[in-house]
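Trainee: Sequence and computational prediction follow.
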Amino acid sequence: MEYSKLISVTGLGGLFELLTSKADGAIVRSLDDKSTKFVSSRQHSFSHLESIEVYTIRENVNLVDVFNAMEASTEALPSEKDAAAIKAYFGKVYPDLDFDRVYASDMKKMVKWFAILKKNDVEIKLREFEAEDETTEEETAPVEATAPEAEKEKPAKKAAKKKEAVAEDAAAAEEAPKKKATPKKKKTEE
């Protein structure tokens, strides 16, 4: 199971693996009880764990950074029900956390989610995107520079063709002989 496929669903406790997404929701599998179900996007919001950031006294950090600090710590995980113990735990494990903006409920979620990830042996790391080396960037730079110009030409060509077609239709209409309307004969009653 990959960390990048894990989501949180509003209104539902725990974490879920995103199996497939649909236009009106998603099919997810719970990490707690392994049940699979459809979750409607009309009633719930989805948050990928990779996209969640945490407030710190400096710059915001990704949730992975907090989880890695929790994993590296020798402190035992506090009970999810004791808010004071959780705050003290994060004070030791991740002291840069902005305790004015990170609520106790958020810290409880982080402890709960971390326990779920450890229980399911999920490797906590962000997806790595392939970085292009400098030679590839230099080779593709001219192509990228000309691509927008080609895109600009396409609408101009389409507009010119459309104007030509309208002009041709107008010229054809002028050349066609005009028919005179013939008056209708009145019916006479006898």
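Mentor: Now that the structure is in, tell me what you want to look at.
Trainee: Quick check, Gly14 in contact with Ile116.
Mentor: Yes. If you go by CB atoms under 8 Å, Gly14 and Ile116 touch, sitting 6.3 Å apart. Any C-beta I mention is one placed from the backbone N, CA and C, and that applies to glycine too.
Trainee: Let me see the domain layout of this protein.
Mentor: According to automatic domain parsing, the chain comprises the domains 1-51, 52-127.
Trainee: Can you check which residues contact both of Gly14 and Ile116?
Mentor: Each of Leu31, Asp32 lies in contact with both Gly14 and Ile116 under the rule CB atoms under 8 Å, 6 or more residues apart in numbering.
Trainee: more neighbours, those two?
Mentor: Neighbours were counted for Gly14 and for Ile116 using other CB atoms under 10 Å; Ile116 has more, 17 against 14.
Trainee: does that one count as helix, strand or coil?
Mentor: In terms of secondary structure, Ile116 is helix; the call rests on DSSP: H, G, I helix; E, B strand; the rest coil.
Trainee: Thr20 now?
Mentor: The local conformation at Thr20, judged by three-state DSSP, is strand.
Trainee: which residues of this structure fall in strands?
Mentor: For the chain, strands defined by DSSP state E occupy the ranges 6-9, 16-22, 25-30, 36-40, 46-48, 53-54, 61-62.
Trainee: Relative to the fifth one, what are the paired strands and their orientations?
Mentor: In other words, strand 46-48. Sheet neighbours of strand 46-48, with direction, are listed as strand 6-9 (antiparallel) (DSSP bridges).
Trainee: Please apply the same query to the third one.
Mentor: Counting by DSSP bridges, the strands paired with strand 25-30 are strand 16-22 (antiparallel), strand 36-40 (antiparallel).
Trainee: Any idea which of those gets closest to Phe99?
Mentor: Shortest separation from Phe99 across the strands paired with strand 25-30 is recorded for strand 16-22, at 28.2 Å, computed as CB to CB.
Trainee: ok, residues contacting the closest one?
Mentor: Outside strand 16-22, the residues touching it (CB under 8 Å, 6+ apart) are 1, 5-9, 26-31, 36, 38-39, 46, 48.
Trainee: thinking again about what came up before, I'd like the domains of the chain as TSV, with mean pLDDT appended.
Mentor: Rendered in TSV, the data for the domains of the chain read as follows (pLDDT from 0 to 100):
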stretch	mean pLDDT
domain 1-51	94
domain 52-127	94
